[in-house]
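In: Predicted model follows, preceded by the sequence.
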Amino acid sequence: MFLNRPLRTLRIASLQKRNLYRFLARRTNAKFNKIILKRLFMSKIHRPPLSLARLIRLMAKPGRPDKMAVCVGTVTDDMRIFKVPKLKLCALRVTEGARARILKAGGEIITFDQLALRAPKGQNTVLLQGPRKNREAVRHFGRAPGVPNSSTKPYVRSKGRKFERARGRRKSRAYKN
């Protein structure tokens, strides 16, 4: 049977990471390794990018400043943040801008195989992830648009004055749901 698309091939590095954490999840009794393994197998939709701003905000909580942030995904730069504190980070990928800013602030970035040696059971780490529900597609999920108390975004052919703007949308045109 021939497919119209090429088979998705795993990168060797990601395969090694999966095998490493499969071993750690089996041999250690740490829930941390099971979660990392599960997230390594997730599709890109379920591994949303984590912005530098969110990372800084989450690591500023009490009891976290000296811990290492772990993100199974990409950490992206955020130009809205002017001052980056010293951070310890482990992520699948870090964009060039974010990497430069973290290292300039005296922080450190390590890979998952280095993390496995340093904290095999996830000691002194904080597991973080980006906002999964932030996709534009998620706004269309939920109760049907138009039914009472629904804030679901409708799929509209065009965004104009005459497209889904009248009855049911405003009080001046018969009723508002």
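Out: Cool, the structure landed.
In: give me every residue that touches Arg167.
Out: Counting by CB atoms under 8 Å, 6 or more residues apart in numbering, Arg167 makes contact with 173-175. C-beta coordinates here come from the backbone N, C-alpha and C atoms, glycine included.
In: need the longest helix for this structure.
Out: Determined from DSSP state H, the single longest helix within the chain is helix 12-27.
In: Work out the gap between it and the centre of the chain.
Out: 20 Å (CA atoms, centre = their mean, to the nearest Å).
In: Then stretch 168-177?
Out: 38 Å.
In: just to revisit the earlier point, just the buried ones among the contacts of Arg167, please.
Out: Neighbour counting by 16 or more other CB atoms under 10 Å classes none of the contacts of Arg167 as buried.
In: In a markdown table: those, plus distance to Pro131 and secondary structure.
Out: Below are those laid out as a markdown table (distance: CB to CB, whole Å; DSSP: H, G, I helix; E, B strand; the rest coil):
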| residue | distance to Pro131 | secondary structure |
| --- | --- | --- |
| Arg173 | 35 | coil |
| Ala174 | 37 | coil |
| Tyr175 | 35 | coil |
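In: circling back to that earlier point, list the buried residues for the longest helix of the chain?
Out: Neighbour-count burial for helix 12-27 flags 17-18, 20-21, 24-25 (criterion: 16+ other CB under 10 Å).
In: Show me what that helix is packed up against.
Out: Counting contacts by 3 or more CB pairs under 8 Å, 6 or more residues apart in numbering; DSSP states H and E, helix 12-27 packs against helix 31-40, helix 112-118.
In: residues touching the closest residue to Arg118 other than its chain neighbours, list them.
Out: Excluding its sequence neighbours, the residue lying closest to Arg118 (CB to CB, 6 or more residues apart in numbering) is Ile110, at 7.2 Å. The neighbours of Ile110, taking CB under 8 Å, 6+ apart as the test, are 68, 88-90, 118.
In: can you check Cys90 too?
Out: Residues in contact with Cys90, defined by CB under 8 Å, 6+ apart, are 68-71, 109-112, 114-115, 125.
In: so which two of the contacts of Ile110 are the farthest from each other?
Out: Leu89 and Arg118 (12.5 Å; CB to CB).
In: So which of the two has more stuff around it?
Out: Ranked by neighbour count (other CB atoms under 10 Å), Leu89 and Arg118 place Leu89 first, with 22 against 14.
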